[in-house]
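Visitor: Build the 3D model from these lines:
(one chain, ligands or ions: 1)
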Amino acid sequence: MSKAAEIDIASVSKIYGKTTAVDSISLKIPAGSYCCLLGPSGCGKTSTLRMIAGHESVSVGDIVLGKSVVTHLPPARRGTAMMFQSYALFPHLDLVDNVAFSLKMAGIEKAERRARALDMLKLMQMEAYATRKPAQLSGGQQQRVALARALITDPEALLLDEPLSALDPFLKIRMRAELKKLHKQLGITFVHVTHSQEEAMALADIIVVMSNGRIEQAASPRDVFERPATAFVARFMGDHNVISGKVVGCPDGLVTFDVVGGGTFSASGASRPVGADIDAAIRTDHVRIGESPVKGLGFTGIVSNLEYRGATVKLTIEGAGITEFTAIITDTAFYATPVAVGDAVPLHWDAQDAIILGTPNS
Ligand SMILES: Nc1ncnc2c1ncn2[C@@H]1O[C@H](COP(=O)(O)OP(=O)(O)OP(=O)(O)O)[C@@H](O)[C@H]1O
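Guide: Next up, the predicted model:
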């Protein structure tokens with residue numbers, strides 16, 4: 001198996017009655033990539049996946065797989081395979097018959113379909129369990145069978161709806177590694193729906209962050225984390241402070257803005273009109289404490305909470321019109337000059353660590 005298809009989602013919307021679940025999104029998922037659709041509950045990621053699979057009709061727009069427009073094709077004729085969140089295994093069938101099911105539907109004779117199902121079970125290292133029923137398996141084993149069942153159709157793209165959500169935390173991490181390995185081995189396009197930013201960061205070549213039926217950003221995990229496009233992405237990915245203000249000027253390639261009732265800050269980014277409302281993101285782990293702040297690139301605030309995390313310490317600070325500013329510093333830096341709740345601490349950061357965020361789709 002080495003065929004992989006690009007998936008082109010062209011101005012696609014999904015409208016259920018009065019709800020627009022997916023709002024005119026366009027996205028090209030390169031052939032052979034691992035793409036994670038990431039976002040909070042209700043953002044439209046499952047609807048998007050189901051439209052790619054053909055389990056949900058497309059209200060507006062087109063889905064193109066490789067060179068074929070598949071918008072109106074039934075799931076079995078698209079060249080995609082879907083693994084459902086609940087695995088949806090048939091309880092009364094043994095593993096071979098579960099895996100062979102779609103071949104049976106396709107009219108393939110028994111000996112061939114059983115042989116192919118056994119090959120798939122082998123690929124997933126489950127051949128020793130071939131005669132068991134799904135209830136006689138652990139969660140991780142059931143997942144492997146569900147994967148074998150999806151892959152037996154030799155798809156160009158594998159679609160995974162929250163594939164790890166039913167597993168305990170330990171198994172989740174193990175199966176995450178197995179999915180990554182399987183993706184490499186098969187070389188086909190994977191599209192994986194998740195609400196876990198950690199899972200998406202660990203697996204994806206491309207993370208598509210969705211909110212309210214729209215795409216906020218589609219980029220590599222590193223780009224999404226280092227250069228979040230919008231305040232939503234910065235907040236959702238975590239580890240960023242988002243501060244909001246009004247632009248007062250754009251000197252020297254920096255945008256200077258006032259936080260309402262608070263300080264004046266500067267951040268890197270394209271110039272914006274004076275008076276515009278903007279958001280800026282500052283990485284929590286790039287904040288330093290203890291040195292006097294450079295104008296616009298720090299402030300002195302009061303520590304409102306401290307959390308010891310082992311290798312790092314998380315400080316929550318209030319000041320300059322910002323109610324909850326987070327600084328994550330190494331335990332070494334913290335214990336060199338410890339501070340306590342109620343202390344005033346000077347914070348600062350470098351200009352390149354404060355970035356101006358865009359509005360959605362800007
Ligand atoms: N069959 C349906 N009929 C009506 N509304 C629906 C239907 N399916 C989904 N919706 C609505 O569409 C929106 C997007 O749902 P969708 O399941 O795509 O989101 P999601 O991001 O996958 O959420 P979750 O992580 O909770 O599964 C939600 O507001 C949801 O209530």
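
Visitor: Please count neighbours and contacts with C-alpha atoms only from this point.
Guide: Noted.

Visitor: And for residue 239, nearest residue in space, chain neighbours not counted?
Guide: residue 284 (5.3 Å; Cα to Cα, 6 or more residues apart in numbering).

Visitor: isn't that neighbour right up against residue 317?
Guide: No: counting by Cα atoms under 8 Å, residue 284 sits too far from residue 317 to count as a contact (11.4 Å).

Visitor: where does the residue of the stretch 51-200 of the chain found nearest the ligand fall, phi/psi-wise?
Guide: Proximity of the stretch 51-200 of the chain to the ligand (Cα to the nearest ligand atom) peaks at residue 195, 6.2 Å away. Backbone torsions of residue 195, given as degrees, to the nearest 10, read phi -110, psi 10.

Visitor: Equivalent analysis for residue 280, please.
Guide: phi -130, psi 150.

Visitor: same check, this time on residue 331
Guide: When read as degrees, to the nearest 10, the backbone of residue 331 gives phi -60, psi -30.

Visitor: For it, the count of nearby residues, please.
Guide: For residue 331, the neighbour count with other Cα atoms under 10 Å is 16.

Visitor: For the closest residue to it other than its chain neighbours, give me its contacts.
Guide: Using Cα to Cα, 6+ apart and skipping the chain neighbours, the partner closest in space to residue 331 is residue 312 (4.7 Å). Neighbouring residues of residue 312 by Cα atoms under 8 Å, 6 or more residues apart in numbering: 328, 329, 330, 331.

Visitor: which SS class is residue 87?
Guide: Assigned with DSSP: H, G, I helix; E, B strand; the rest coil, residue 87 falls in the coil class.

Visitor: Hmm, residue 144 and it touching each other?
Guide: No: Residue 87 is not in contact with residue 144 according to Cα under 8 Å; the separation is 9.3 Å.

Visitor: Tell me the bridge partners for the spatially most central residue of the chain.
Guide: Centroid-nearest residue in the chain, with Cα atoms, centre = their mean: residue 38, separated by 3.3 Å. With DSSP bridges as the criterion, residue 38 is bridged to residue 194, residue 209.

Visitor: Touching, it and residue 208? I think so.
Guide: Yes: if you go by Cα under 8 Å, residue 38 and residue 208 touch, sitting 5.8 Å apart.

Visitor: Can you give me the pLDDT of residue 7?
Guide: For residue 7, the pLDDT comes out at 97.

Visitor: got the contact list for it?
Guide: Residue 7 neighbours (Cα under 8 Å, 6+ apart): 28, 29, 30, 31, 63, 64, 65, 66.

Visitor: buried residues in stretch 91-101?
Guide: Neighbour-count burial for stretch 91-101 flags 94, 95, 96, 97, 98, 99, 100, 101 (criterion: 16 or more other Cα atoms under 10 Å).

Visitor: no no, stretch 43-61
Guide: 43-54, 56-60.

Visitor: Which ones among the residues you listed lie within strands?
Guide: Those of the buried residues of stretch 43-61 mapping onto strands are residue 60, per DSSP state E.

Visitor: Residue 252 versus the residue nearest to the centre of the chain, what's the distance?
Guide: Distance from residue 38 to residue 252, counting by Cα to Cα, to the nearest Å: 36 Å.

Visitor: How about residue 171?
Guide: Counting by Cα to Cα, the gap from residue 171 to residue 252 is 51 Å.

Visitor: May I have the beta-bridge partners of residue 312?
Guide: Residue 312 has the following beta-bridge partners by DSSP bridges: residue 330.

Visitor: Report pLDDT for it.
Guide: 96.

Visitor: C-alpha coordinates for stretch 265-280, PDB please?
Guide: Provided in PDB are the C-alpha atoms of stretch 265-280 (Å, rounded to 0.1, in the frame of the first residue of the first chain):
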ATOM      1  CA  PHE A 265       3.100  47.500  25.600                       C
ATOM      2  CA  SER A 266       4.900  46.800  22.300                       C
ATOM      3  CA  ALA A 267       4.800  43.800  20.100                       C
ATOM      4  CA  SER A 268       6.200  42.600  16.800                       C
ATOM      5  CA  GLY A 269       3.900  42.700  13.700                       C
ATOM      6  CA  ALA A 270       2.700  44.600  10.700                       C
ATOM      7  CA  SER A 271       1.700  48.200  11.500                       C
ATOM      8  CA  ARG A 272      -2.000  48.800  12.400                       C
ATOM      9  CA  PRO A 273      -4.000  51.900  12.400                       C
ATOM     10  CA  VAL A 274      -3.900  54.100  15.600                       C
ATOM     11  CA  GLY A 275      -7.000  53.300  17.700                       C
ATOM     12  CA  ALA A 276      -7.400  49.700  16.300                       C
ATOM     13  CA  ASP A 277      -8.300  47.000  18.800                       C
ATOM     14  CA  ILE A 278      -5.500  44.300  18.900                       C
ATOM     15  CA  ASP A 279      -4.400  41.200  20.700                       C
ATOM     16  CA  ALA A 280      -0.800  40.200  21.300                       C
END
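
Visitor: Fine by me, thanks again.
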